[in-house]
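A.B. asks: Have a look at this prediction, sequence included:
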Amino acid sequence: MLGLMQEVPLSIPMMLRRTRDLFPEKLVISRRPDRSITRTSYREVLERAGRLAHALRVLGVRDGDRVATLAWNHQRHLEAYFAIPSSGAVLHTLNLRLHPSDLAYIISHADDRVVLVDQVLWPLWEKVAPLVRVAHVIVMGDGGETPAGAIDYEALLAGAPDAPFPFDDRDERTAAAMCYTSGTTGRPKGVLYSHRAITLHTMMSLAADGPGISERDVLLPVVPMFHVNAWGFPFTAAFVGASQVHPGPHLDPASLLDLMAGERVTMAAGVPTIWLGILQALDQAPGKWNLSALRMTLVGGAAPPEAMIRGFKQRHGVVVQQGWGMTEMTPIGTVSHLRGEHEALPEHEKYHLLAKAGYPVIGVEIRARSEGGLIPWDGTTMGELEVRGPWIAREYYRPEEEITQFTEDGWFRTGDIVTIAPDGCVTITDRAKDVIKSGGEWVSSVALEGALMGHAEVFEAAVVGLPHSRWSERPFAVVVRKPGAQVDEQALKAWLAERFATWWVPDAMTFVDALPKTGTGKVQKSVLREQYRDRYAHAADAIQLPPAEAEA
Ligand code: AMP
């Protein structure tokens, strides 16, 4: 027997009707390339987005067509976020940090019909344009001349039919947005988000044990709008009626801190690198920025070190919540938080818990598998995490290679190696391809990096496995010191030796000014492995045997 409830489609127009009716005056604030700040309301953003939706129709965009954006986080990008999916087209966000040839591959693979480009990114677009075929290029200008052959965004809106925003229901299963994985191995793969997935992910983001976003929040997604819909925050903020603040191209710590203090931001979200920089700026100038409104930062995309989580809270009163997720997961999968029974724990144990990836959010199921089958939830056995849920991809868009990431019973294999505690708390020990296996035993690079970054003189660190003549692989650390710090290899090895078994301690390390990063701010370990590849090839065997070898 079927239930007898109304079948209102879960769609972006459904969410935006609420924004229109309940929160038209809440603010959308953005910083322009010239650093000036613009303030507007959801009312105006929806009015302009309506014009954009109709103008795209006039340009020939039809249901299901892909319309791409190559843009920083700002008001016009938000207008595109609302207009494109509501008009029936698919919002395809392009990662502006990719190489032009990768962008060309992605644009061609997605068959983008129209591209909206920031004027400040025109030099990048000029390198991509000869490699692709799109019907129209729209420039989101900032006072300069519109390049020949391109359409000016403001002129397009001004000339658009005077019709209301397309608030009508959309089939919830149709595609609303797409984003390609940053894929350090193989070709980038397209993930196609449905209206339903984005709507349910939005609702999850309001849960108190998840990000817990409310109407009172002023959200600052530092995470780019070109990466997994800025973790869904532009939609979440609009649906719940929170104001949103967009930093434009200015992502340095001082600019972000000025914006957070000046706009009384209550919640900001981004990758650990951004937050390490912000913590350092706060430590260098205590009291310079008033962050009393900031109730929480959501940090994810890579593992935030425990010392950073503690530093924010103890020195600046800022709570850090960790999120783990993936492009294929819209993206949020787990978040760290303390349960009721954790309240009585000593402080250091609470920080230790908060440094884990945390618990699956409502709607996401987890399990993990090793060669022997599904692993027990005992907090020590390691396996590859698999996930299932209504905002997790069931396949990629027109994959060009054989895909082995989807299991026969409909789960997604994440490629992340984890342990799961009896209460369901997930700890990420490594990305499968970054795993270090020394003498048959796993060494967790994430754990070593967290400990190194807990040293007062270390700013950032990465640990990779390098080929070793005897142990097949041994850990090697690449360390960025804090400005003026003198700490040396011997001292850092001693620091690690206090915390880990001797055979976990890297045999060697090097000090650099900066780590190589991907377009989404993750350390490029493949680059480090390549760069230091021969380091241990003929290394003397000075380490103690790992247990597996010792017993053999
Ligand atoms: P992307 O699809 O580019 O967002 O990358 C997803 C990958 O980033 C995951 O599979 C993890 O390897 C990594 N990642 C994301 N969040 C975290 C986190 N909180 N801790 C550790 N790794 C993370």
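C.D. replies: Happy to help now that I have it.
A.B. asks: what about stretch 116-131, distance to the chain center?
C.D. replies: With CA atoms, centre = their mean, to the nearest Å as the basis, stretch 116-131 stands 24 Å off its chain's centre.
A.B. asks: what comes up buried for that stretch?
C.D. replies: Buried residues in stretch 116-131, counted by 16 or more other CB atoms under 10 Å: 116-122, 124-125, 128-129. For glycine as for every other residue, the C-beta is placed from the backbone atoms N, C-alpha and C.
A.B. asks: Could you do stretch 317-327 as well?
C.D. replies: Quick answer for stretch 317-327 (16+ other CB under 10 Å): 318, 320-327.
A.B. asks: would you turn these into CSV with distance to residue 64, secondary structure and pLDDT?
C.D. replies: Listed next are those as CSV, based on distance: CB to CB, whole Å; DSSP: H, G, I helix; E, B strand; the rest coil; pLDDT from 0 to 100:
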residue, distance to residue 64, secondary structure, pLDDT
318, 43, coil, 95
320, 40, strand, 96
321, 36, strand, 95
322, 36, strand, 96
323, 31, strand, 96
324, 32, strand, 97
325, 26, strand, 97
326, 25, coil, 96
327, 21, helix, 96
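A.B. asks: Next, give me the two most distant ones among those residues.
C.D. replies: 318 and 327 (27.2 Å; CB to CB).
A.B. asks: what stretches of the stretch 1-150 of the chain score poorly on pLDDT?
C.D. replies: Filtered on pLDDT under 70, the stretch 1-150 of the chain yields no residues whatsoever.
A.B. asks: contacting residues for the residue of it found nearest the ligand?
C.D. replies: When distances are taken as CB to the nearest ligand atom, the stretch 1-150 of the chain reaches nearest to the ligand at residue 95, 9.4 Å away. Shown in contact with residue 95 (CB atoms under 8 Å, 6 or more residues apart in numbering): 103, 180, 182, 224, 226-227, 519-520.
A.B. asks: Look up which helix or strand residue 459 falls in, please.
C.D. replies: strand 458-468 (DSSP states H and E).
A.B. asks: Can you tell me how far residue 442 is from the ligand?
C.D. replies: With distances taken as CB to the nearest ligand atom, to the nearest Å, residue 442 is found 16 Å from the ligand.
A.B. asks: State whether residue 278 is indeed within a helix.
C.D. replies: Yes: under DSSP: H, G, I helix; E, B strand; the rest coil, residue 278 falls within a helix.
A.B. asks: just the contacts of residue 95 that are near the ligand?
C.D. replies: Restricting those to those touching the ligand (CB under 6 Å from any ligand atom) yields 182, 520.
A.B. asks: contacting residues around the helix ranked longest in the chain?
C.D. replies: Determined from DSSP state H, the single longest helix within the chain is helix 42-58. When contacts are defined by CB under 8 Å, 6+ apart, helix 42-58 is touched by residues 16, 19-20, 23-26, 28, 67, 75, 78-80, 82-84, 86-87, 89, 114, 156-157, 159-161, 163-166, 238.
A.B. asks: which other residues reach the next helix or strand after it?
C.D. replies: Once the chain leaves helix 42-58, the next helix or strand it forms, by DSSP H and E, is strand 66-70. For strand 66-70, contacts defined as CB under 8 Å, 6+ apart pick out 56, 61, 77, 80, 84, 89-94, 96, 103, 107, 110-118, 121, 124-125, 134, 178, 225-226.
A.B. asks: follow-up on the earlier one: which one in the contacts of residue 95 is the model shakiest on?
C.D. replies: Among these, residue 182 has the lowest pLDDT, at 71.
A.B. asks: my read is that one is in a strand, agree?
C.D. replies: No: counting by three-state DSSP, one finds residue 182 to be coil, located in no strand.
A.B. asks: Return the residues in contact with whichever residue of the stretch 451-552 of the chain sits closest to the ligand.
C.D. replies: The ligand sits closest to residue 520 of the stretch 451-552 of the chain, with a gap of 5.1 Å, by CB to the nearest ligand atom. Residue 520 sits next to 95, 97, 182, 224, 227, 271, 301 when contact means CB under 8 Å, 6+ apart.
A.B. asks: which residue sits closest to residue 8 in space, ignoring its chain neighbours?
C.D. replies: Residue nearest to residue 8 in three dimensions, not counting chain neighbours: residue 14, with 6.5 Å by CB to CB, 6 or more residues apart in numbering.
A.B. asks: Return the set of buried residues in the longest helix of the chain.
C.D. replies: Buried residues in helix 42-58, counting neighbours by 16+ other CB under 10 Å, are found at 42, 45-57.
A.B. asks: And for stretch 332-342?
C.D. replies: 332-337.
A.B. asks: still on that earlier bit, any idea of the angle the helix or strand hosting the residue nearest to residue 8 forms with helix 42-58?
C.D. replies: Using DSSP H and E, residue 14 falls within helix 12-22. With axes from the mean of the first three to the mean of the last three CA atoms, to 10 degrees defining the directions, helix 12-22 sits at 140 degrees from helix 42-58.
A.B. asks: and helix 12-22, C-alpha only, in PDB?
C.D. replies: C-alpha atoms of helix 12-22 as PDB (Å, rounded to 0.1, in the frame of the first residue of the first chain):
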ATOM      1  CA  ILE A  12      16.200  24.000  -5.800                       C
ATOM      2  CA  PRO A  13      13.100  26.100  -6.800                       C
ATOM      3  CA  MET A  14      11.200  24.600  -3.800                       C
ATOM      4  CA  MET A  15      14.000  25.800  -1.500                       C
ATOM      5  CA  LEU A  16      14.200  29.200  -3.100                       C
ATOM      6  CA  ARG A  17      10.400  29.800  -2.800                       C
ATOM      7  CA  ARG A  18      11.100  29.800   1.000                       C
ATOM      8  CA  THR A  19      13.900  32.300   0.600                       C
ATOM      9  CA  ARG A  20      11.600  34.500  -1.500                       C
ATOM     10  CA  ASP A  21       8.700  34.300   1.000                       C
ATOM     11  CA  LEU A  22      10.500  34.400   4.400                       C
END
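A.B. asks: Off-centre distance for that helix?
C.D. replies: Distance, centroid of helix 12-22 to centroid of chain: 25 Å (CA atoms, centre = their mean).
A.B. asks: Equivalent analysis for stretch 213-232, please.
C.D. replies: 10 Å.
A.B. asks: got the buried residues for it?
C.D. replies: Residues 213, 217-232 are the ones in stretch 213-232 that count as buried (16+ other CB under 10 Å).
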